[in-house]
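A.B. asks: A predicted structure for the sequence below; I have some questions about it.
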Amino acid sequence: MPLIQVTAPQGALNTTEQDALVSRLSDAVLTAEGAPLTSPGAQSLVWAYYNEQPKGSIYIGGKNLEQSPLRIAITTPQGALTDTARHSLVADIGAIIDQFIGVYEGRLNHWAMLYEVSEGSWGGAGQVFPLADIQAVMKIKTS
């Protein structure tokens, strides 16, 4: 049950590129969690928000730059990602972002930030969803 939040400068990507970026990021997170990409349950639980910031509102080192980086924040339930999966996911995010906005000379083109929600603290529809229940809906096989 990942939540993806992309923060980008206004106009960095057109709508078609935004759709493709979010789709690729969604698949990368589901893969890192061990969910089959063909699982309708898994697909229904990966939510993403693409947030554009007005031009001139993103600063690096106190300066407003022409090419602002993206911020990719991924939130998952605690225990959904192993250390190996985290490293793999961050590498995958890096490759995806490079394909969409290119490499910035001498600086980063994005931050990838991974957050975890404590067990018993992810809820919706008036109920708490434990990780085991989420993984069952997503058809994630646990060892």
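C.D. replies: Right, received. Where do you want to start? Numbers count the residues shown, from 1 in each chain.
A.B. asks: okay, CA-based contacts and neighbour counts for the rest of this
C.D. replies: Noted.
A.B. asks: List the contacts of the helix or strand bottoming out on mean pLDDT in the chain.
C.D. replies: Least confident element among the helices and strands of the chain, by mean pLDDT, DSSP states H and E: helix 131-137 (a mean of 88). By Cα atoms under 8 Å, 6 or more residues apart in numbering, the surrounding residues in contact with helix 131-137 are 1, 35, 41-42, 77-80, 119-120, 141.
A.B. asks: ok, 6 Å please
C.D. replies: By Cα atoms under 6 Å, 6 or more residues apart in numbering, the residues outside helix 131-137 that reach it are G41.
A.B. asks: Now it: buried residues?
C.D. replies: Within helix 131-137, the residues that count as buried by 16 or more other Cα atoms under 10 Å are 131, 134-135, 137.
A.B. asks: And stretch 83-102, by the same measure?
C.D. replies: 85-86, 88-90, 92-94, 96-97, 101.
A.B. asks: just the strands in this protein please.
C.D. replies: For the chain, applying DSSP state E gives strands covering 3-9, 47-53, 59-60, 63-64, 70-77, 110-117, 123-124, 127-128.
A.B. asks: Low-confidence stretches in this structure?
C.D. replies: 143 (pLDDT under 70).
A.B. asks: and if we set it to 90?
C.D. replies: Applying pLDDT under 90 to the chain flags the ranges 1, 55-56, 60-61, 64-68, 105-106, 130-134, 136-143.
A.B. asks: Around Y59, how many other residues sit close by?
C.D. replies: When counting by other Cα atoms under 10 Å, one arrives at 12 neighbours for Y59.
A.B. asks: And for it, nearest residue in space, chain neighbours not counted?
C.D. replies: Spatial nearest neighbour of Y59, chain neighbours left out: L65 (6.7 Å); criterion: Cα to Cα, 6 or more residues apart in numbering.
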